[in-house]
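>>> Whatever this is, show me its structure:
(one chain, ligands or ions: 2)
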Amino acid sequence: MSIATTDLAGLVQPAKGTVSRQVYVDQGIYDHELERIFTRSWLFLGHTSQLAQPGDFLTTYLGEDPVIVARGKDGQVRAMLNSCRHRGMRVCRSDEGNTSFFRCPYHAWTYSNTGELTGVPKFRLGYGGVLDKKEWGLLEVPRVEEYGGFLFGNWDAGAVPLTEWLGDFRLYFDLVFGRDPEGVEFVGGVHKWSVSSNWKIPTENFACDMYHVAHSHARSMEIGLLGPSGDDGYEIAAGMGFLGNGFGPPASADAEGAPVHPMATMATPYSEHLAAQRARVAERYSQEMSRVVPGGHGNVFPNFAFLDIELLRLVRVHHPEGPGSHTVHQWCVVDKSLPAEVKDALRRQYTLTFGPSGMLEQDDGENFRECQASMRGVIGRRMENNLMLGLGQDRTGAEIVGDGDAPGAGGGIWSEANQRRWYEHWLSFMTGQVRR
Ligand code: FES
Ligand code: FE
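Ligands and ions are numbered 1, 2, ... in the order given. Below you'll find the predicted structure:
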C-alpha cells in the first residue's frame, strides 16, 4: 500500500491533539515508517563501555535490520548488517562477546571483525579460486558516530552529524548522562523482550507520560517502591518538552530544588550521590537547572528512550517488529565513579522495577499490550486517540526550568505537549518534509 502525504496529514493532527489508530495497526504505514524514519534517523547502537576492547561486539537492530556492532582489531567501531553475503543467514547469533572473526552457521563463510570476507570453504574446488572476496564483505552501516560514549548509526550516508541531530537537546542529554566527571557505564548485560504492541505506544510513554504514573503504578506506590502515593506535590512540577529530536525530560524538582514527583522522593543508596550531582549542576549552570536532575522519562527520536529517577537509570530501545509488536533492548546505567556496592544496589533496583519482570514494567507492558489489542479490531482501528491534555498551555524551556538559558519548550507535567510534538516530527519524516 502506498501512503499519500495528504492521507497521513489527515490521520495525525497534532495541533488538534488527535491521532488515528491506523498509525498503530496499518501494515502500509508501518512499512512507510521503516523506509522514511528508520533508514534516515540516527538509531542507538550501544555504549562504548560495552565495546572497550578490540574484538568486543554486540548485536542489535537498526529498524528491522539486524546489525553487528564490533570494535575491530584496528580499534575502530563499525556496524555491519548481520546477514551473510552468501545466502543471507544471520552471521552472528550471540548477544555480545569478543572475537576476531564471525563464521556463518550455514556454509561457514568467515568474516573478520572489520567485516572483510576472509574464508570461503571450497574456494578452489567450488569457486575455482576466482571469487573476489573484497566484493563480498559484510555490508557496513555508512555512518557510526558517538556522543558522550553513546554510539548511534545511520543508514543514510548524507545524514546530518549526530551532534546536529541531538542539537540543543545535548544540554539535557548531558544532565542525564554526563553529570558525573567519570561518565557512565552499562552494567549487568542486556535485557531483551518482546511486547505485542506497536513501537510508538511505549515511545509515547517515554516521551514523557507522567499522567499514568499515579494510577498505573499505584500498587508500587502503596508498597513504597516509588515513594508516596497520590498526586500530592505534582502540581508544582514542570515538564520539559521538546527540542529538535529530543523529548523530555521533566524538571523533577521545585524552584527550591526539592524533588516533587514520587519517583524522585525515595531515599536510596544513590541519594547522596544524586544530591552531590545536583549541587555540581547548580554550580556549573544554575540552581534552577539542577531541577532537571534526575531527568525522568526521555526519548530521542525515533526509538531511543531513557529513564532517570532516584531508584535507577536505564536506557532502552523500542525496536519495531511489525505493526503489532516491538522488541525492547534495555540496560542498567550507572556512574562509573560509584562504589561497587551502590552499582549493585542500583542494578537490583532496576531489575525489581523496570527489568522484564519488574513490577513497574509489568504495569506498563500490560497497558501497551492491551492498547494494541483494543485498537486492532475493524471498528477499533477506525477511531482516534486523544492527545489533548494541556492543549494550548505550552511554555518555553526558560519558563519551565526557571533558567533563562534553558532551551526548548513544553507543557506542564499534566500535558501531552511532548507527544503532540513527537507526532508533528513523525509526520514531517513520513511526508518527506524533513531535512536529513
Ligand atoms: Fe552464510 Fe551460506 S549463508 S555461508
Ligand atoms: Fe510507567
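
>>> use CA for all of it now, contacts and neighbours both
Noted.

>>> So which bits of the helix or strand in which residue 273 is found are buried?
Applying DSSP states H and E as the criterion places residue 273 in helix 271-284. By 16 or more other Cα atoms under 10 Å, the buried positions in helix 271-284 come out as 273, 274, 277, 278, 279, 280, 281, 282.

>>> can you pull the contacts of residue 307?
206, 295, 296, 297, 298, 313, 314, 315 (Cα atoms under 8 Å, 6 or more residues apart in numbering).

>>> Which one (most neighbours) among those residues?
Neighbours here mean other Cα atoms under 10 Å. Within these, the largest count is held by residue 298, at 31 neighbours.

>>> What sits closest to that residue if chain neighbours are left out?
Closest residue to residue 298 apart from its sequence neighbours, by Cα to Cα, 6 or more residues apart in numbering: residue 248 at 4.5 Å.

>>> Surely the one you found touches residue 207?
Yes. Between residue 248 and residue 207 there is a contact at 5.7 Å, judged by Cα atoms under 8 Å.

>>> what about the nearest residue to residue 184 once chain neighbours are set aside, distance to ligand 1?
When the adjacent residues along the chain are set aside, residue 184 lies closest to residue 335, with 4.3 Å between them (Cα to Cα, 6+ apart). Applying Cα to the nearest ligand atom, to the nearest Å, the value for residue 335 to ligand 1 is 40 Å.

>>> Tell me, how many residues neighbour residue 335?
21.

>>> Over to residue 10?
11.

>>> Name the helix or strand for it, please.
Assigned by DSSP H and E, residue 10 belongs to helix 5-11.

>>> Just want to check the distance between the spatially closest residue to residue 336 that is not a sequence neighbour and residue 331.
Leaving out its chain neighbours, the residue that sits closest to residue 336 by Cα to Cα, 6+ apart is residue 184, at 5.1 Å. According to Cα to Cα, to the nearest Å, residue 184 and residue 331 sit 12 Å apart.

>>> for residue 170, same thing?
Separation of residue 170 from residue 331 (Cα to Cα): 21 Å.

>>> Keep the buried residues of helix 271-284, but drop any that are not near ligand 1.
Among these, not one lies near ligand 1 by Cα under 6 Å from any ligand atom.

>>> With pLDDT as added columns, please give those in a markdown table.
Formatted as a markdown table, those follow (pLDDT from 0 to 100):
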| residue | pLDDT |
| --- | --- |
| 273 | 91 |
| 274 | 88 |
| 277 | 91 |
| 278 | 88 |
| 279 | 91 |
| 280 | 92 |
| 281 | 91 |
| 282 | 91 |
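
>>> list the contacts for residue 187?
Neighbour list for residue 187: 331, 332, 333, 334, 347 [criterion: Cα under 8 Å, 6+ apart].

>>> Could you find the closest non-adjacent residue to the third one?
Closest residue to residue 333 in three dimensions, ignoring its sequence neighbours and counting by Cα to Cα, 6+ apart: residue 186, at 4.7 Å.

>>> Quickly find the element holding that neighbour.
For residue 186, the element it lies in under DSSP H and E is strand 184-195.

>>> Could you list the paired strands of that strand along with their orientation?
Strands that pair with strand 184-195, judged by DSSP bridges, come out as strand 326-335 (antiparallel).

>>> pull the CA atoms of the partner strand into PDB?
As requested, the backbone C-alpha atoms of strand 326-335 are provided in PDB (Å, rounded to 0.1, in the frame of the first residue of the first chain):
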ATOM      1  CA  HIS A 326       8.200  -4.400  19.300                       C
ATOM      2  CA  THR A 327      11.300  -5.800  21.000                       C
ATOM      3  CA  VAL A 328      12.800  -3.900  23.900                       C
ATOM      4  CA  HIS A 329      16.600  -3.900  24.400                       C
ATOM      5  CA  GLN A 330      17.400  -2.400  27.800                       C
ATOM      6  CA  TRP A 331      20.400  -1.800  30.000                       C
ATOM      7  CA  CYS A 332      21.000  -0.500  33.500                       C
ATOM      8  CA  VAL A 333      23.200   2.600  33.500                       C
ATOM      9  CA  VAL A 334      25.400   3.700  36.500                       C
ATOM     10  CA  ASP A 335      28.000   6.400  37.100                       C
END
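
>>> all strands of the stretch 1-150 of the chain, in order?
In the stretch 1-150 of the chain, the strands defined using DSSP state E, counting those that start in this stretch lie at 12-13, 18-20, 43-47, 56-62, 65-71, 77-81, 96-98, 101-103, 110-112, 117-119, 143-147, 150-154.

>>> Surely residue 306 is in a strand?
Yes. Per DSSP: H, G, I helix; E, B strand; the rest coil, residue 306 lies within a strand segment.

>>> Alright, that wraps it up for me.
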